[in-house]
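Colleague: Give the three-dimensional model of this entry:
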Amino acid sequence: MAQSSKLIVYQVFTRLFGNRKTTCKPNGNIEENGVGKFEDFDDATLLRIREMGATHVWFTGVIRHASQTDYSDYGIPAQHPDVVKGRAGSPYAITDYYDVDPDMASDVNNRMMEWELLIERAHRAGLKVIIDFVPNHVARQYHSICKPEGVKDLGEDDDTNMHFSTRNNFYYCWGQPLDLSDIVQAPNSISPAPSPLPPAPEMPLAPYSEQPAKATGNDQFTSKPGRNDWYETVKLNYGIDYCDAGGRSEHFDPIPDTWSKMTDILLFWAQKGVDGFRCDMAEMVPASFWHWATDKVKYIYPEKIFIGEVYDPAQYRNYIAAGFDYLYDKVGMYDCVRDVICGRRRAADITAQWQKTDDIRDHMLYFLENHDEQRIASDFFAGNAQKGIPGLIVSALLMSNPLMIYAGQEFGERGMDAEGFSGRDGRTTIFDYWTVDTLRRGYYDRRRLKKEERQLCDTYQKVMRMANDENALREGVSFDLMYVNPQLADRQFAFLRKSGTDVILVVANFDELAADVDVNIPRHAFDFLQIPERSFSAVDLLTGEKVKGSLSSDAPVRVSLPALGGAILKLKL
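Modeller: Purely as a prediction, here's the structure:
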């Protein structure tokens, strides 16, 4: 059966995306630097995302998380700044799994309704909606005020005198208070939320206190986390005793309390109309839980998808068997393509990466940027967004598996701002209130885009759209040509795609010089793909240029390649 569409996920960091306030004060609060809103994703904006070629939008940071902005006037518990990273806070330190971030609501009291309306708008635009599910850890001051009636809060019935129990949701350090003395503290004050009244003065707070200490989210089971730990979070207990006398041990019968509570949270959001979940640090949660939870969700909502952040290739097949539809291909394809872009590896090395996951190829999600990784155009990666184009061509077109694009990537966002807590690290901050200038101009003041930004965006749109518009690229068989083209091995990568009578030859050029290359097509490709040997006329789907030539196992095809680009030749036989 033909594949209906290739998943192309467009990740937006929701609170930054629509922010048009240009103050950009390092460590600035919400009133100084502003914040994007749900309503910034209006019909026109969502339609532009869809027309670029996206099929799904991952709205990152929707569920309410710890922040240094005080919404206590709205009945929302304030968070202590000692255990919040940055003014805006990390979206992976969840404070209420049943609530949405008040920062992004125009009317805080109606924040859930505003989110539900955004889901409806996205669906009208032809986009499906993905949100984060953060299963491994929560904010230190987690407390749900929006949980449905009858639902017990996480930790509500925990026995804090026990380090581990399957009835507990957290792990505890017997009788020991939390010790944050090794951590550089956040400013010891909180900022009021925007208000029509004059702002209240920021009041000094007593140091954060937690007795007994809970284990920290990155599997730190002592009472004294370090500055590089996820000290703002606490680890959730899925029935694994990490400090058993005999080492790590699993206790899954009876079903741990956390399994039921977290599955109920998934069902809550599925009922709201979201189409899928990007599951943060999925491999830090046992595969047995995922099998149990995804089975229950998909029994009621069979179309919901699960995308897992899994970094250990040895675990890939376990998590796919546990119900994940797609997994990050980070340590394989991403790391390799990044190294090829930066000249640290040969282009031919890409072949080994897809071969390692060939049996699960349709489950691997390719990407070049996301909120965790450095921007292509940053000084820490390639320093030039154009250098990412051949990597985009390979990632988008080599297989029929999903592709992810991070908002701003298509405009060459550099991620070189020093926003505050995040610092100048080549990433777009997830901790601070800020404006991403390329997004502000690209979506809300397009006249101010630079020529090279427009050209880059045009290329992204062409590649993303052809990935679904062309049968051979959406659903076709892929044939890697590198084993018969050693002359390309260093800086070019070539492959064929075929579906029915459609044949597409793709050659990506990672080199900074244009090149005319001869591409050999072996006899096996003609037999395997059932391609006749004959003359052809072709059109380059990137440029519209028409090309004529001959397909033969005895003579190569001559292909002209621009610098830092590629040729995507659709052959008419």
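
Colleague: Report pLDDT for Asn188.
Modeller: Reading off the per-residue confidence, Asn188 sits at a pLDDT of 55.

Colleague: can you check the one 4 residues further on too?
Modeller: pLDDT, Pro192: 67.

Colleague: i'd like the first residue to be 42 from this point on
Modeller: Sure, I'll start counting at 42 from here, so that last one is Pro233.

Colleague: ok, Met93 - contacts?
Modeller: Tyr51, Glu451, Cys498, Tyr501, Gln502, Met505, Arg506 (CB atoms under 8 Å, 6 or more residues apart in numbering). All C-beta atoms are positioned from the backbone trio N, CA, C, and that covers glycine.

Colleague: Report how many residues lie close to the fourth one.
Modeller: Other residues near Tyr501 come to 22 when the count uses other CB atoms under 10 Å.

Colleague: Tell me which other helices or strands the helix or strand harbouring it touches.
Modeller: Here Tyr501 is covered by helix 492-510, with elements defined by DSSP states H and E. If contacts are counted by 3 or more CB pairs under 8 Å, 6 or more residues apart in numbering; DSSP states H and E, helix 492-510 sits against strand 49-54, helix 430-438, strand 444-447, helix 478-485, helix 512-515, strand 606-613.

Colleague: make it 6 Å
Modeller: Helix 492-510 makes packing contacts with helix 430-438, helix 512-515 when contacts are defined by 3 or more CB pairs under 6 Å, 6 or more residues apart in numbering; DSSP states H and E.

Colleague: which residues sit against the longest one?
Modeller: Translated: helix 430-438. Residues from elsewhere that reach helix 430-438 (CB atoms under 6 Å, 6 or more residues apart in numbering): 378, 382, 407, 409, 444, 500, 504, 508, 514, 534, 547, 549-551, 605-607.

Colleague: and the angle for it with strand 606-613?
Modeller: Inter-element angle recorded for helix 430-438 and strand 606-613: 40 degrees (by axes from the mean of the first three to the mean of the last three CA atoms, to 10 degrees).

Colleague: Let's test this: mean pLDDT of helix 430-438, rounded?
Modeller: When pLDDT is averaged along helix 430-438, the result is 98.

Colleague: Report the angle between that helix and strand 49-54.
Modeller: Interaxial angle, helix 430-438 versus strand 49-54 (the same axes, to 10 degrees): 120 degrees.

Colleague: how about helix 430-438 as CSV, C-alpha atoms only?
Modeller: The C-alpha trace of helix 430-438 is given here as CSV (Å, rounded to 0.1, in the frame of the first residue of the first chain):
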residue,chain,number,x,y,z
ILE,A,430,22.0,22.2,2.5
PRO,A,431,23.7,19.0,1.3
GLY,A,432,23.0,17.5,4.8
LEU,A,433,19.3,18.5,4.4
ILE,A,434,19.1,16.8,1.0
VAL,A,435,20.5,13.6,2.4
SER,A,436,18.4,13.7,5.6
ALA,A,437,15.2,14.5,3.8
LEU,A,438,15.4,12.4,0.7
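
Colleague: list the buried ones in it?
Modeller: Under the neighbour-count criterion of 16 or more other CB atoms under 10 Å, helix 430-438 has Ile430, Pro431, Gly432, Leu433, Ile434, Val435, Ser436, Ala437, Leu438 buried.

Colleague: any idea how far the closest residue to Thr479 other than its chain neighbours lies from Thr470?
Modeller: Nearest residue to Thr479 in three dimensions, chain neighbours excluded: Phe452, at 3.9 Å (CB to CB, 6 or more residues apart in numbering). In this structure, Phe452 lies at 17 Å from Thr470, with CB to CB, to the nearest Å as the measure.

Colleague: try Tyr342
Modeller: Going from Tyr342 to Thr470 by CB to CB gives 33 Å.

Colleague: who wins for neighbours among the contacts of Met93?
Modeller: Ranked by neighbour count (other CB under 10 Å), the contacts of Met93 have Glu451 at the top, with 27 neighbours.

Colleague: who's in contact with that residue?
Modeller: Contact criterion CB under 6 Å, 6+ apart gives Cys498, Tyr501 as the residues in contact with Glu451.

Colleague: A helix includes it, no?
Modeller: Yes - under DSSP: H, G, I helix; E, B strand; the rest coil, Glu451 falls within a helix.

Colleague: Surely Val525 is in contact with Pro563?
Modeller: Yes - between Val525 and Pro563 there is a contact at 4.7 Å, judged by CB atoms under 6 Å.

Colleague: For the spatially most central residue of the chain, which non-adjacent residue is spatially closest?
Modeller: Centroid check for the chain by CA atoms, centre = their mean gives Asn411 as the closest residue, at 5.0 Å. Nearest residue to Asn411 in three dimensions, chain neighbours excluded: Tyr447, at 5.1 Å (CB to CB, 6+ apart).

Colleague: could you measure that neighbour against Ser45, distance?
Modeller: For Tyr447, the distance to Ser45 equals 25 Å [CB to CB].

Colleague: More neighbours: the two, which one.
Modeller: Neighbour count, other CB under 10 Å: between Tyr447 and Ser45, Tyr447 has more, with 25 against 9.

Colleague: Quick check: pLDDT value at the more buried one.
Modeller: Among the per-residue scores, Tyr447 holds a pLDDT of 98.

Colleague: Would you mind confirming that it is in contact with Phe408?
Modeller: No - taking CB under 6 Å as the contact criterion, Tyr447 and Phe408 are not neighbours in contact, 7.4 Å apart.

Colleague: I'd say Met322 and Asn177 touch.
Modeller: Yes - with contact defined as CB under 6 Å, Met322 and Asn177 form a contacting pair (4.7 Å).

Colleague: These two - which one has more neighbours?
Modeller: The residue with more neighbours, out of Met322 and Asn177, is Asn177; 21 against 18, by other CB under 10 Å.

Colleague: how about the more buried one, what does it touch?
Modeller: With CB under 6 Å, 6+ apart, Asn177 has these contacts: Met322, Met325, Val326.

Colleague: go on, Leu219?
Modeller: For Leu219, the set of contacting residues under the criterion of CB under 6 Å, 6+ apart consists of Glu251, Ala254, Ser264.

Colleague: residues in contact with the second one?
Modeller: Neighbour list for Ala254: Cys214, Gln217, Leu219, Ser264 [criterion: CB under 6 Å, 6+ apart].

Colleague: quick one: pLDDT of it?
Modeller: Reported pLDDT for Ala254: 98.

Colleague: Name the nearest residue to Tyr485, sequence neighbours excluded.
Modeller: Leaving aside its sequence neighbours, Tyr485 sits nearest to Arg61 (CB to CB, 6+ apart; 5.7 Å).

Colleague: before we move on, what SS does that neighbour have?
Modeller: The local conformation at Arg61, judged by three-state DSSP, is coil.

Colleague: Isn't it up against Arg482?
Modeller: No - contact criterion CB under 6 Å: Arg61 and Arg482 do not qualify, at 9.6 Å.

Colleague: Compare the two and say which is more crowded by neighbours.
Modeller: Ranked by neighbour count (other CB under 10 Å), Arg61 and Arg482 place Arg482 first, with 17 against 14.
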